[in-house]
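Chemist: I'll drop the sequence and a predicted model, then ask my questions.
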Amino acid sequence: MESTRASRFRGRGPESQGAGAKKAGAKEGGSQGVGARGEKSLWIAASVLILVWTVFPILWIVMLSFKRPGEIGNSRGFLPEHWTWDNYRTVFRTDLFTSALINSIGISLIATFVGVVFATLVAYAIARLEFPGKKTILSFALAIAMFPVVSLVGPLFNLWRDVGLYDTWPGLIIPYISFALPLAIWTLSAFFREIPWEMEQAAQVDGATTWQAFRKVIVPLAAPGVFTAAILTFFFCWNDFVFGISLTSTDSARPVPAALAFFSGASQFQQPTTAICAAAVVVTVPVIVIVLLFQRRIVAGLTSGAVKG
Amino acid sequence: MTAVQSAPVAGRPAGRAEVSDRSRAERRLGLLLSAPAVLVMLVVTAYPLFNALYLSLFSYRLTAPDDRRFVWFGNYATALSDPLFWQDVLTTFLVTAITVVVELVIGFALAMVMHRALFMRRTVRTAILLPYGIVTVISAFAWRYAFDLQSGFVNQWFGLGDYAWFSGRWSSLSVIILSEIWKTTPFVSLLLLAGLAQVPRDLGEAATVDGATAWQRLWRVTVPNMKAAILVAVLFRTLDAWRIFDNVFVMTSGQQHTETLSFLTYRQTISRTAIGLGDAVGVLLFLSVVLIAVVFIRGFRVDLSQVRGDR
């Protein structure tokens, strides 16, 4: 059993996948010779197309956020006629948004932290220990990942009102943890299975204490996986909408996506379009920063263990 | 050295008593470590699910708690005999089928580009991840405003004049589907990329030597060898699209006959507080998900031990 684990580690680490593909691609590019130039520009064109397709809607939201509110309905161009920061000022002066932003950040961070700790414990047990119910836990997690969340919202709504969790932070944190756990558990157990745990014993043989072996050998190996799981969990919590609108009623716990949806309904004399877009840009900035900084980790996390070779 | 750090040694002939002691401790630790996660998942799913099953047998509105009556499967009969329910089923089915097929095609193309392109590799992967990370509600707003009569540039760019996208069923659904595709294709493409990376390279080269065209190589070599990844992607996306909610809520709020099963459940339980009927619809939604999963796992033999969980 140990030997198969070790060989799989050598065979396909999450990081080695990309490198292997790159090398193979380079080889092919070289062997294609003359025809390669046409092919090369084809791939570049395809890449540019992808860039436009993925970035365009985001750019559109940014453009809208810089338009004057009065421009909506009068001009329908892509670019603002008069650039203005007013929408951002409006948004940060609106309690509905600022409290929602604080709720979103706080709830997502707490849920991510607790969820990743729980998932790390499970994934460690699954990767390293022999105990009955391993498969059951993984299947159960998978079942939860496929669960139609809305089916639970009605009963949770009643339950939370009975126990006083309705419209509170924990009332959202608990469902977020449980629905983000499957993703975190599967990502982490895939990562942990790749770790050569024998190195810990090797370090101990070399004279390291148990704690040193854990801290100097295992933690650096496990940290990238834990970190990746944390990013994916955070994205999940940040994205939630169903729980956000169903289990909250005031700004004491309502997260940003839910607040945005209700903000649009509360249009009085002015179109809320530009303000909504400014708010949308504000909550998109952290996502973009995370994606830019940790692109490799996220790709590895989403694909690692997706399919066994 | 504690039991935790040692590799599993069950089955070794020497020291049987010691081994079983150790494995017992290991079992206990394993269950102990799994307990918190399993408990949280159970609290949020098992209890509410049974609660929904139970309450779905009652005629019960939150606004009139005293009128609660046991009606057996009356709510299910009401839901199943209502044309609106079947219209929502059809809408959900169409949205799911179209998004999954389109995403599979685009996702495959994206995966090919990410797999083969040598230039801007990093940039493309980063760009692909942007829609994945963006909040679904925000994606919905972006597309809604793009097609909106008041703010949108789409009609102007394509010379459509005052065509009102959100006043018809099919045009509204197209925009909803477009937003869904934009947001979730990256996930599909990453799963397919992982599958592509596992297609043995020499197979394709051998096929080229034997005179296979690029098209033949794609269908005869690449696709069959990444069947597992394709099935996993389809399974996850089908179940994910089947519960589509955010996009519908933001774009049309279920108007213009764009309501989906998730939205119907939400409208009954939360908006109308018709707990009994809403829970019945919720249970039906849950059963439909189970059915889809079973069909995939049994019918297409998706090996779940090869799958990892995702939203």
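Modeler: Received the coordinates, thanks.
Chemist: residue contacts, the residue in the stretch 151-300 of chain B that chain A sits nearest to?
Modeler: Residue nearest to chain A within the stretch 151-300 of chain B (C-beta to the nearest C-beta): residue B:269, separated by 3.2 Å. Where you see a C-beta, it was placed from the backbone N, CA and C, and this is true even at glycine. Residues near residue B:269 by C-beta atoms under 8 Å, 6 or more residues apart in numbering or on different chains: A:153, A:154, A:157, B:275, B:278, B:279, B:282.
Chemist: So which of these wins on neighbours?
Modeler: residue B:278 (33 neighbours; other C-beta atoms under 10 Å in any protein chain shown).
Chemist: My read is that it contacts residue B:268, right?
Modeler: Yes. Checked against C-beta atoms under 8 Å, the pair residue B:278 and residue B:268 is within contact range at 3.1 Å.
Chemist: Overlap in contacts, those two.
Modeler: Taking C-beta under 8 Å, 6+ apart as the contact rule, residue B:278 and residue B:268 both touch residue A:154.
Chemist: per-residue confidence at the residue of the stretch 151-300 of chain B closest to chain A?
Modeler: The predicted local confidence for residue B:269 comes out at a pLDDT of 85.
Chemist: One more: residue B:50?
Modeler: The model reports residue B:50 with a pLDDT of 91.
Chemist: Just give me the neighbour total for it.
Modeler: Each residue near residue B:50 was counted by other C-beta under 10 Å, and the total is 11.
Chemist: Can you classify it as helix, strand or coil?
Modeler: helix (DSSP: H, G, I helix; E, B strand; the rest coil).
Chemist: What is the distance between the helix or strand of chain B with the lowest mean pLDDT and the centre of its chain?
Modeler: Among the helical and strand segments of chain B, the one scoring lowest on mean pLDDT, DSSP states H and E is strand B:64-70, with a mean of 79. Average the C-alpha atoms of strand B:64-70, do the same for its chain, and the two points are 36 Å apart (C-alpha atoms, centre = their mean, to the nearest Å).
Chemist: quick one: is that strand near chain A?
Modeler: No. Strand B:64-70 lies out of reach of chain A by C-beta under 8 Å from any C-beta of the partner chain, never closer than 10.8 Å.
Chemist: Paired strands for that strand, with orientation please.
Modeler: Taking DSSP bridges as the criterion, strand B:64-70 sits next to strand B:58-61 (antiparallel) in its sheet.
Chemist: circling back to that earlier point, would it be right to say that the residue of the stretch 151-300 of chain B closest to chain A lies in a helix?
Modeler: Yes. Note on residue B:269: a helix contains this position according to three-state DSSP.
Chemist: Now residue B:300: closest residue in space that isn't a chain neighbour?
Modeler: Beyond its immediate neighbours in the sequence, the residue positioned closest to residue B:300 (C-beta to C-beta, 6 or more residues apart in numbering or on different chains) is residue B:231, lying 5.5 Å away.
Chemist: so the one you found sits in a helix?
Modeler: Yes. Note on residue B:231: a helix contains this position according to three-state DSSP.
Chemist: That one: neighbour count?
Modeler: Burial of residue B:231 is recorded as 20 neighbouring residues (other C-beta under 10 Å).
Chemist: And it, what's its pLDDT?
Modeler: Per-residue confidence for residue B:231 comes out at a pLDDT of 87.
Chemist: Residue ranges in the stretch 201-311 of chain B under the pLDDT threshold?
Modeler: B:301-311 (pLDDT under 70).
Chemist: Show the residue spans covered by the helices in it.
Modeler: Under the criterion DSSP state H, counting those that start in this stretch, the stretch 201-311 of chain B contains helices at B:201-209, B:214-217, B:223-225, B:227-242, B:246-251, B:261-266, B:275-294.
Chemist: what's the closest of the ones you listed to residue A:142?
Modeler: In terms of C-beta to C-beta, the element of the helices of the stretch 201-311 of chain B nearest to residue A:142 is helix B:275-294, at 9.1 Å.
Chemist: Show me what that closest one is packed up against.
Modeler: helix A:150-163, helix B:16-55, strand B:58-61, helix B:74-80, helix B:227-242, helix B:261-266 (3 or more C-beta pairs under 8 Å, 6 or more residues apart in numbering or on different chains; DSSP states H and E).
Chemist: what angle sits between it and helix B:16-55?
Modeler: 130 degrees (axes from the mean of the first three to the mean of the last three C-alpha atoms, to 10 degrees).
Chemist: center of chain B, which residue is that?
Modeler: With distances taken as C-alpha atoms, centre = their mean, the residue of chain B nearest its centroid is residue B:240 (1.6 Å).
Chemist: wait, doesn't that one sit right on residue B:188?
Modeler: No. Contact status for residue B:240 versus residue B:188: not in contact, 10.0 Å apart, counting by C-beta under 8 Å.
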